[in-house]
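**Q** fold the following for me, if possible:
(one chain, ligands or ions: 1)
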Amino acid sequence: MTVEYIRYRVPEDRHDTFEAAYTRAAACLRAAPQCVDYELARCEEEPSCHILRITWTSVHDHLEGFRKSENFALFFAEIRPYVPYIEEMRHYRPTAVHGQGGSIPTLYEWAGGAEALERLTERFYEHVVTDDLLKPLFAHMNSDHPRYVAMWLSEVFGGPSRYTDERGGYPHMLSKHLGRAIGEPQRRRWVSLLLDAADEVGLPGDPEFRAAFAGYIEWGTRLAVENSRPGADPIRQAPVPHWGWGVAPPYLP
Ligand code: HEM
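**A** Next up, the predicted model:
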């Protein structure tokens with residue numbers, strides 16, 4: 001991935017036509033398989049300055065793919081009059097320094113924090129151990145298991161990294177599923193009991209939270225089935241995944 005920054009200084013009387021040209025040219029970026037995303041921003045302090053940020057799949061894909069494509073010809077036809085106003089046009093490699101600020105609560109905070117997730121897993125495993133399909137799998141479960149799964153969920157949903165720091169992180173979680181041969185009916189039951197438990201312990205019921213929560217559970221359980229297949233050889237080292245709100249951000253009045 002590479003990020004191209006193009007800095008413009010456009011004369012006052014050409015701003016409207018400049019932004020209109022980019023509004024049309026953007027259709028070519030949306031159509032380009034080499035383009036990840038883009039954004040044109042105008043400077044608050046010095047309104048004659050604009051910065052266009054385009055994330056490309058790679059420098060090579062940009063220069064050898066997009067630049068040689070029909071999309072580029074159409075794109076360039078729109079923005080050609082503004083090329084003399086370019087002050088910088090370069091590719092930048094993203095570093096490890098990136099993230100989200102605190103303006104949007106994490107799923108962990110929205111759910112009610114560690115306590116709420118512990119209530120959830122406690123109730124869930126009370127059902128699991130009496131369930132005809134699931135109880136054989138959990139026959140030798142440690143009494144701390146619900147707490148460990150709550151720690152995992154907390155970390156996934158943006159809470160403290162306790163599962164990584166205290167419990168062996170992703171490799172440990174994975175090792176617990178390897179070779180278990182979890183079947184689709186068991187996965188379905190696991191999902192259904194967890195969603196029931198979410199209602200029973202009063203996790204937030206708003207559509208946005210529940211969509212994100214159920215999305216993770218669906219993803220995670222399908223991975224658990226894959227990884228538990230006899231003979232499966234999944235990647236052993238990976239960070240604990242971080243799950244966010246997805247396309248429906250929290251409703252904040
Ligand atoms: C989103 C889906 C899932 C998550 C987040 C999850 C999470 C975990 C975690 C964190 C552990 C290890 C706990 C520890 O540190 O000891 C674990 C163990 C285990 N999981 Fe899952 N799991 C998921 C899906 C499933 C499914 C679908 C099944 C079976 C139907 C399953 C069966 C088991 C079993 C049998 C263990 C070992 C329990 C023991 O220690 O005896 N998991 N799971």
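**Q** read off the pLDDT value for the closest residue to the ligand within the stretch 101-250 of the chain.
**A** Closest residue of the stretch 101-250 of the chain to the ligand, CB to the nearest ligand atom: Gly220 (2.4 Å). (C-beta placed from N, C-alpha, C; glycine too.) We have a pLDDT of 98 for Gly220.
**Q** what of the one 4 residues further on?
**A** In this prediction, Ala224 carries a pLDDT score of 98.
**Q** burial measure for it, as a count.
**A** Per other CB atoms under 10 Å, the neighbour tally for Ala224 reads 18.
**Q** now do the contacts for it.
**A** His177, Ile182, Arg187 (CB atoms under 8 Å, 6 or more residues apart in numbering).
**Q** rerun that using 7 Å as the cut-off
**A** Ala224 sits next to His177, Ile182 when contact means CB atoms under 7 Å, 6 or more residues apart in numbering.
**Q** name the helix or strand for it, please.
**A** Here Ala224 sits within helix 207-228, counting by DSSP states H and E.
**Q** kindly report the same for Glu87.
**A** strand 86-92.
**Q** the helix or strand that comes right after that strand near the ligand at all?
**A** Proceeding N to C from strand 86-92, the next assigned helix or strand is helix 107-111, under DSSP H and E. No. Among the residues of helix 107-111, none lie within reach of the ligand under CB under 6 Å from any ligand atom; the closest is 13.2 Å away.
**Q** now do the strands in the stretch 1-150 of the chain.
**A** 2-9, 35-42, 49-56, 86-92 (DSSP state E, counting those that start in this stretch).
**Q** make TSV out of the ones you listed and add mean neighbour count.
**A** Converted to TSV, these look like this (neighbours: other CB atoms under 10 Å):
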stretch	mean neighbour count
strand 2-9	17
strand 35-42	15
strand 49-56	18
strand 86-92	11
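**Q** between those, which one is nearest to Gln100?
**A** strand 35-42 (15.5 Å; CB to CB).
**Q** average pLDDT across the helix or strand that Met151 is a member of?
**A** Element membership for Met151, per DSSP H and E: helix 145-156. Averaging pLDDT along helix 145-156 gives 98.
**Q** that helix: how far from the chain's middle?
**A** 19 Å (CA atoms, centre = their mean, to the nearest Å).
**Q** the helix or strand just after that helix packs against which elements?
**A** As assigned by DSSP H and E, the chain's next helix or strand after helix 145-156 is helix 162-167. In this structure, helix 162-167 packs against helix 145-156, with contacts taken as 3 or more CB pairs under 7 Å, 6 or more residues apart in numbering; DSSP states H and E.
**Q** what comes up buried for the helix it packs on?
**A** For helix 145-156, the neighbour count (16 or more other CB atoms under 10 Å) marks Pro146, Arg147, Tyr148, Val149, Ala150, Met151, Trp152, Leu153, Ser154, Glu155, Val156 as buried.
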